[in-house]
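Student: task: produce atomic coordinates for the following.
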Amino acid sequence: MSRPLALAAMVAAAVSATAGAEHPGATIYAAHCARCHGDAGGGTPEVPRPLAGDRSVNQLAAYVDAEMPEDDPAAVTGEAARQVAE
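Tutor: Okay, the predicted model is just below:
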C-alpha cells in the first residue's frame, strides 16, 4: 500500500475505532476537523481531497498547530494538535 493510501486508511481506522472520547484526538477531530475533512478523513463536497500524505506524526502535528483549522489556526495547538495527528 502506498504511503498516502496507508495514511488515509490509518486516519479512517483511527477515527472509526475511537469515535467518542476513547482517544482525545478523535474528539478534537470531530469538533474542529471533520467539517472539512469528513468523519473518516475522506473529504467533503466542499473540500473533496482526502487526508493523505507522508508526513510523520511530528510533522503533521506541527502543521496542524500552525495552520489548522484554516478559519481559526489557534483552535488546535500544542498537545491537541499532537493528539489529532496521532
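Student: kindly export the one helix or strand residue 79 maps to (C-alpha atoms) in PDB.
Tutor: If you go by DSSP states H and E, residue 79 is part of helix 78-85. Below are the C-alpha coordinates for helix 78-85, written out as PDB (Å, rounded to 0.1, in the frame of the first residue of the first chain):
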ATOM      1  CA  GLY A  78       0.200  22.100  21.200                       C
ATOM      2  CA  GLU A  79      -0.900  18.800  22.700                       C
ATOM      3  CA  ALA A  80      -4.300  19.000  20.900                       C
ATOM      4  CA  ALA A  81      -2.500  19.200  17.500                       C
ATOM      5  CA  ARG A  82      -0.400  16.200  18.500                       C
ATOM      6  CA  GLN A  83      -3.400  14.100  19.500                       C
ATOM      7  CA  VAL A  84      -5.200  14.900  16.200                       C
ATOM      8  CA  ALA A  85      -2.000  13.900  14.300                       C
END
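Student: how about it: buried residues?
Tutor: Under the neighbour-count criterion of 16 or more other Cβ atoms under 10 Å, helix 78-85 has 80, 81, 82, 83, 84, 85 buried. C-beta: built from backbone N, CA, C; applies to glycine.
Student: please apply the same query to stretch 42-58.
Tutor: For stretch 42-58, the neighbour count (16+ other Cβ under 10 Å) marks 42, 43, 50, 51, 52 as buried.
Student: what sits closest to residue 47 if chain neighbours are left out?
Tutor: Using Cβ to Cβ, 6 or more residues apart in numbering and skipping the chain neighbours, the partner closest in space to residue 47 is residue 36 (4.4 Å).
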